[in-house]
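# Below is the sequence, then the predicted model.
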Amino acid sequence: MTEAIRIEGLHKSFGDLEVLRGLNLQVDDHEVVCLIGASGSGKSTLLRCIDLLEPVDAGRIWIEGDEVTAAGVDPNAVRRRIGIVFQAFNLFPHMTVMRNVTLAQEKALDRSSAEARAKATELLTRFGLSDKADDYPDRLSGGQQQRVAIARALALDPDVMLLDEVTSALDPVLVAEVLDAIRELAGAGMTMVIATHEMGFARDVAHRVAFLEDGRILEQGAPEQMFTGPREAATRTFLDRIIAAGRM
Amino acid sequence: MRRWILALAAMTLLAVACAEEAPSADGGSPSSSAEENQTAAECTDEYKADLFAPDILTIATGNPAYEPWYGGKSEAGSEWKSGDFTGDPHSGEGYESAFAYALAEEMGFSADQVNWLAVTFNKSFAPGPKDFDFAMQQISILPKREKAVDFSAGYFDVNQALIANEGSPAIGVTTLAGLKDLKLGAPIGTTSLQVIEELVQPTQEAAAYDDLDLALKDLKNGQLDGVVVDFPTAFYGYADVVVGQFPDLGGEQEQFGLAFETDSSLVECANIAIEAMRDDGRLDDLKSEWLEVDTSVPVFS
Amino acid sequence: MSEPEVFSPMGTPGLDPRFPRGDRRSKILGGGSARTTWVAVLSTVVFFTVAGLLIVRSTGWPEVRQSFFDAEEFRYAFPEIVQKFGWNVFIFCVAEVLVLALALLIAVLRSLPGPVFAPLRILAAGYTDIFRGVPTILVIAMFGFGMPALQLKGLPNSDLVWAILSLTLVYSAYVAEVYRAGIESIHPSQVAAARSLGLTRGQALRHVVLPQAVRRVIPPLLNDFIGLQKDSALIAFLGFTEALQRARIIQANDFNFTPYVALALIYLCITIPQTRLVDWLIARERTKRQGGAEL
């Protein structure tokens, strides 16, 4: 089985603040890895680095065997292979839902508009949003907007999907519909790295859970093992806090 | 609702403005002197309350003050800077400056009792109380202007001429029709501009300038084919050639006059002085001393 | 306490729960009842009547009226000035098209990232500083009188061209800043989203940032356009006879300022509708922004 993602010795600082301190991670094809950890532990930064949205200070990253941190690599080409969805949806408000999903297909992948529309329709239907295709984002609920964001990223047929706390900004009522969509993706075999606070969901969907602490992966393993019997004290403390906050 | 309020307010204002006004505080027409054969000095003495500054004759004119109307070197501290084509009213040189001092003397003022005030052209006829007794700036007497100012009798008969530089298509033209396709210009507020519009009726809009030197600049740049100015100015050498002179507008001889505030009693006194100077030939003397005019220049037909 | 009435047309005391302060229209007049409306109307009429009478009874009024509001002069001057106003319209329409394009270019140049583009950024910033810092009339005078004086081959000699050019240069500087503010107001997450989809910086700018930015700054763009319309009169300084020059010529010939009043009225006829439009656009943006929040 090939490695979808391989990360070795990743370092990233913002000014004086070192966020990632030599992080290592491998993700296989079709694997779903959930990242858990406190705010500021580097989950978002890690995902943004993988997608080359942030320049890395040191370390190497491979996507499907190609080193993307090598000199001379076209970052745009890399980003087309990776789909990322953010906490704040970031849909383009001046375009319809349909256009949001077709824009990058046409401009970045050079697909014809007919092709792009067909793909968009397929994805929107899959996520139950086909009747919203001609609406503007401001008419959709948060949960609907986030599903559009997922569809928009998926439209480029990426090798890997990165999800950065995609339900954290949603009303609890709307969280379920988004999690269902992600569950469906996982079931279909998409390789995913998901940063999340939703422990129940992580338990359900992940093949592996990785706990970030201090800019590194402190501990990782199968969800059952991680949640019921973590080895590290820090992991235990973190999980205790989550349970105390009633989130598991 | 707000729109209705605004409309109502506007209508109220309009109605009030058009309503009968209270009679103005000023008196009626200037009373004419009972005596005939009063001298200008006696007249001035009678109405000296009307003077802007007591015992001083305050005259307004433009700055810069152009030759040949104003000449001489500027005095120390004077607002007017003299140059090749500009002078200082204080010097007494130049037709209008010399005329002003002669007029003042006739009206009973010594040379020290004459003050000059620099004003923009607009100021000479703007409504409201004036800071001067009269304005003198080669102002032509025109009927429409009489509503805003009271003119004295004419002190100079003026004609308009066309000047151009070497290489201009205007040179050699002798008919008004021949000027029709040329690009001409003149300073604003002068009958020079009216001459272009009414006598020439050019195909290209006449260019109107704030000031004579702006018109001359465009003439030099080649953007104008010719500039229309009054006769004496034409001969002063602002351009290479005097192409020709224009016939009178509307058949009437154009004249320069002094512009007084409306209902000023001093107009009478100035008129007495001017007539006296006309009768004894002093106006003609001033003309020959300060103005070089070549009357052999052809009239456009 | 009695139940609130569901609907109260203006003029009846009572509360409509939809408009807590009474009918929305009479809210402006400070109350919800017929009485307050009539008080407002009455006090307005009284105020303007008194103000008007004070002006009209002043000693200088007859002179001012003859000088500025002469009916006969108005009748004579108005058609002449309106005819020449066509030139102003031509000037500001052409200039505005050029301004919108040039300003966009400058704004984009100014926002190019990276050290390699530094000279372009500096150039754009310098341009903006110079043309916003010099009075427009000076720019027009320097170009209008200076350029033809250089006698360079191939340069147009027309006042019209130089005036349009000067106005374009000056207003592009202001409008570039407006665009720039618009561009900077777009949250960087929009750019991040665009780039994460594999769009290049240029594509992100063209498809995501600029459409949103320009839409946001339409009110200030319109304000600058109104300024440009008024400044089109400055070409009078070059001797070109458009509306202002025509007004000045008549004014100087007839010793009367009424032509200026005529021109002012013409300007108001076109600018007031535009300012109302700007107000409406701003209000609409505000409600749209508030209304489009999370459900």
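Received the coordinates, thanks.

# Could you pick out the residues of the stretch 101-250 of chain B near chain A for me?
By Cβ under 8 Å from any Cβ of the partner chain, no part of the stretch 101-250 of chain B sits against chain A. Quick note: C-beta positions are derived from backbone N, CA and C, even for glycine.

# Next up, the contacts around C:Thr128.
C:Ile106, C:Arg110, C:Ala173, C:Ala176, C:Glu177 (Cβ atoms under 8 Å, 6 or more residues apart in numbering or on different chains).

# give me that answer again for 10 Å
C:Ala103, C:Ile106, C:Ala107, C:Arg110, C:Ser172, C:Ala173, C:Tyr174, C:Ala176, C:Glu177, C:Arg180 (Cβ atoms under 10 Å, 6 or more residues apart in numbering or on different chains).

# and the second one, what is it in contact with?
Going back to what we said before, that points to C:Ile106. Going by Cβ under 10 Å, 6+ apart, the list of residues near C:Ile106 reads C:120, C:123-125, C:127-128, C:131, C:172-173, C:175-177, C:179-180.

# how about the contacts of C:Thr128 in JSON lines, adding distance to A:His197 and secondary structure?
As requested, the contacts of C:Thr128 are exported to JSON lines (distance: Cβ to Cβ, whole Å; DSSP: H, G, I helix; E, B strand; the rest coil):
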{"residue": "C:Ala103", "distance to A:His197": "46", "secondary structure": "helix"}
{"residue": "C:Ile106", "distance to A:His197": "45", "secondary structure": "helix"}
{"residue": "C:Ala107", "distance to A:His197": "40", "secondary structure": "helix"}
{"residue": "C:Arg110", "distance to A:His197": "41", "secondary structure": "helix"}
{"residue": "C:Ser172", "distance to A:His197": "50", "secondary structure": "helix"}
{"residue": "C:Ala173", "distance to A:His197": "49", "secondary structure": "helix"}
{"residue": "C:Tyr174", "distance to A:His197": "48", "secondary structure": "helix"}
{"residue": "C:Ala176", "distance to A:His197": "44", "secondary structure": "helix"}
{"residue": "C:Glu177", "distance to A:His197": "42", "secondary structure": "helix"}
{"residue": "C:Arg180", "distance to A:His197": "38", "secondary structure": "helix"}
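
# so, if you compare the residues you listed, which one comes nearest to A:Gln146?
Using Cβ to Cβ, C:Arg180 comes nearest to A:Gln146 of the contacts of C:Thr128, at 31.7 Å.

# Go through the contacts of C:Thr128 and name the one nearest A:Met95.
Closest to A:Met95, out of all of the contacts of C:Thr128 and judged by Cβ to Cβ, is C:Ala107, at 21.9 Å.

# Stretch B:215-234 close to chain C?
Yes. Applying Cβ under 10 Å from any Cβ of the partner chain, one finds stretch B:215-234 touching chain C at B:Ala215, B:Lys217, B:Asp218, B:Lys220, B:Asn221, B:Gly222, B:Gln223, B:Leu224.

# in that stretch, what's buried?
B:215-219, B:221, B:223-234 (16 or more other Cβ atoms under 10 Å in any protein chain shown).

# Of the residues you listed, which belong to helices?
Mapping these onto helices (DSSP state H) picks out B:Ala215, B:Leu216, B:Lys217, B:Asp218, B:Leu219, B:Asn221, B:Phe231, B:Pro232, B:Thr233, B:Ala234.

# can you put the residues you listed in a markdown table and add pLDDT and distance to A:Arg236?
Output for these, formatted as a markdown table (pLDDT from 0 to 100; distance: Cβ to Cβ, whole Å):
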| residue | pLDDT | distance to A:Arg236 |
| --- | --- | --- |
| B:Ala215 | 88 | 93 |
| B:Leu216 | 88 | 94 |
| B:Lys217 | 86 | 89 |
| B:Asp218 | 86 | 90 |
| B:Leu219 | 89 | 95 |
| B:Asn221 | 82 | 89 |
| B:Phe231 | 84 | 109 |
| B:Pro232 | 85 | 108 |
| B:Thr233 | 85 | 103 |
| B:Ala234 | 85 | 105 |
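
# In CSV, list the contacts of C:Thr128 along with pLDDT.
Output for these, formatted as CSV (pLDDT from 0 to 100):
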residue, pLDDT
C:Ala103, 95
C:Ile106, 94
C:Ala107, 93
C:Arg110, 89
C:Ser172, 96
C:Ala173, 95
C:Tyr174, 95
C:Ala176, 95
C:Glu177, 94
C:Arg180, 93
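
# right, and the pair among those residues with maximum separation?
Among those, C:Arg110 and C:Tyr174 lie farthest apart (Cβ to Cβ), at 13.4 Å.

# By average pLDDT, which secondary structure element in chain C comes out worst?
helix C:24-27 (a mean of 53; mean pLDDT, DSSP states H and E).

# can you tell me which residues contact residue 108?
Since no chain was named, I'll use chain A. Counting by Cβ under 10 Å, 6+ apart, the residues that A:Ala108 touches are A:Asn76, A:Ala77, A:Arg79, A:Arg80, A:Leu156, C:Ala194, C:Arg195, C:Leu197, C:Gly198, C:Leu199, C:Thr200, C:Gln203.

# wait, I meant chain B there
Contacts of B:Gly108 by Cβ under 10 Å, 6+ apart are B:Thr39, B:Ala40, B:Ala41, B:Glu42, B:Cys43, B:Thr44, B:Asp45, B:Lys48, B:Asp55, B:Leu57, B:Cys269, B:Ala273.
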